[in-house]
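Participant: Starting from these lines, generate the structure:
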Amino acid sequence: MRRKMFFRLDPPKILVIGFGTIILLGTLLLSLPAATTDGKGLGWMDALFTATSATCVTGLVVVDTGDTFTRFGEMVILSMIQIGGLGFMSFATLLAFILGKRISFKERLIIQESLNNATVEGVVRLVKRILVFTAVIEIAGGILLSLRFSHDMAAGKAIYYGFFHAVSNFNNAGFDLMGGYRGLTAYADDPVVNITLISLISLGGIGFIVMNEIFEFRSTKRISLHSKMVLAVSGILVLGGAILIFILEYNNPATLKPMGMTGKIFGAIYQSVTPRTAGSNTISIPDMKQTTLFLIIFLMFIGASPGSTGGGIKTTTFAILIGAVKSQIRGKEDVAFFGRRLDYSIISKALTVTLIAIFLVISITMLLTITEPGHDFLMIFFEAVSAFSTVGLSMGLTPELSPYGKMLITITMFAGRVGPLTLAFAVAKKRKEDHYRYPAGKVMIG
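Facilitator: Reported below is the predicted structural model:
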């Protein structure tokens, strides 16, 4: 009976309930004495914050992961990262495969909503591919990182660290085990760690739909408009961001200046890639120049791509908005990319997502200035955008948040992972089709 009632809900409501259930379960597990090294377990607020950050693949932490949690606690966090990154419906589908169950049409609709796929056709096949891609990429990344870490620590610890960081970064979570809130700064100029993590973050951020099309390209010889836009915008943002960070931080004695040229290049590229919702860092974020921090806020707000493990308004949304502005300036009616015109409904959706995101970030920032009065505005704004885009980068505010601040950031991370539009659909009344249209009116703009 409960299962039937659950699946009578709209897909957006099911996604919200599903993510919420995983977070509550994670909160309970992290509250257990076995989860922390001091044997006391986390307080409910810190446990809720950490569970939300892990499930929403954000990476903001109120306590240092490597210093605070036992292996049990770290594995709980890693499990939530994996489930949250791929979406709980992907894991439900995997369980159905194992049990030999048939996937119903309603369940396919939920999977479609979860993956942000354009149609319900082929979603089960796509989930199978996603699970295979994930396993192969994470294992490959884990092996490479384990081999590198084995030079600095015992073999068993190196393997554990290697696979933990591979899963964390492929799912764009940004949790690390290095301790002392240091992140990966000890490997800022290490080519193996940088290239491996940049590859994991990028693959997780472009989206499984794009990954699947690239995989099938040899047989289909076709790349969709969506994939072309994702790859083009992602490339421009990463390259442009890396060049600007390199220039801005080149002479900063607290970041790139002490490094050799190889370290400077890797540092700039990594810090350009990680705002795409990964959250791990190889140079100190608080020590960056304000101009660089504002650039990172911009990159974080855009985020990753649809159907990926990341958040933000998404690369395609940003591209559509730029295309719409460009068309208006040129006096054209249509918004087109790569010789294809976009339907008005897609443009309207992109505008809706962006406006909801802006409203949410502004609201949370304003509230945080009230709950965290002793902190710099840029630090608060940075934290709000990082939470919404499920990035996990911080200027150091997270561990100092008040209980009210923790709750606000927790809500923001949840909204950012589920998606502003999905969340809006979930809380709104059931949508009804209009059977009439109002007379057209004219309003002056600009």
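Participant: Is residue 282 in contact with residue 194, as I believe?
Facilitator: Yes - taking contacts as Cβ atoms under 8 Å, residue 282 lies within contact range of residue 194: 6.9 Å. Yep, even glycine has a C-beta here, placed from its N, CA and C like the rest.
Participant: between those two, what contacts are shared?
Facilitator: Among the neighbours of residue 282, those also in contact with residue 194 (Cβ atoms under 8 Å, 6 or more residues apart in numbering) are 187, 188, 266, 270.
Participant: For the one helix or strand residue 272 maps to, buried residues please.
Facilitator: Assigning secondary structure by DSSP states H and E places residue 272 in helix 261-273. For helix 261-273, burial by neighbour count (16 or more other Cβ atoms under 10 Å) applies to 263, 264, 265, 266, 267, 268, 269, 270, 271, 272, 273.
Participant: what secondary structure does the residue nearest to the second one when sequence neighbours are not counted sit in?
Facilitator: When you say that, I think you mean residue 264. Leaving aside its sequence neighbours, residue 264 sits nearest to residue 256 (Cβ to Cβ, 6 or more residues apart in numbering; 4.7 Å). Three-state call for residue 256 (DSSP: H, G, I helix; E, B strand; the rest coil): coil.
Participant: What about residue 256, how many residues nearby?
Facilitator: Other residues near residue 256 number 26, with proximity taken as other Cβ atoms under 10 Å.
Participant: And the closest residue to residue 64 other than its chain neighbours, its phi and psi?
Facilitator: Nearest-residue entry for residue 64: residue 181, 5.4 Å, with adjacent residues in sequence omitted and distances by Cβ to Cβ, 6+ apart. Main-chain dihedrals, residue 181, degrees, to the nearest 10: phi 60, psi 30.
Participant: the helices in the stretch 151-300 of the chain, which residues?
Facilitator: In the stretch 151-300 of the chain, the helices defined using DSSP state H, counting those that start in this stretch lie at 155-170, 191-206, 208-220, 225-249, 261-273, 290-302.
Participant: Could you report the separation of the residue nearest to the spatial centre of the chain from residue 265?
Facilitator: For the chain, the residue nearest the mean C-alpha position is residue 310 (2.4 Å; Cα atoms, centre = their mean). To residue 265, residue 310 is 24 Å away according to Cβ to Cβ, to the nearest Å.
Participant: And residue 36, by the same measure?
Facilitator: Distance from residue 36 to residue 265, by Cβ to Cβ: 39 Å.
Participant: now swap in residue 439 and tell me
Facilitator: Between residue 439 and residue 265 the computed distance is 60 Å (Cβ to Cβ).
Participant: related to what we said a few turns ago, just name the closest of the shared contacts of residue 282 and residue 194 to residue 200, please.
Facilitator: Distance to residue 200 across the shared contacts of residue 282 and residue 194 (Cβ to Cβ) is lowest for residue 270, with 11.6 Å.
Participant: who are the neighbours in contact with that closest one?
Facilitator: 188, 194, 197, 198, 281, 282, 283.
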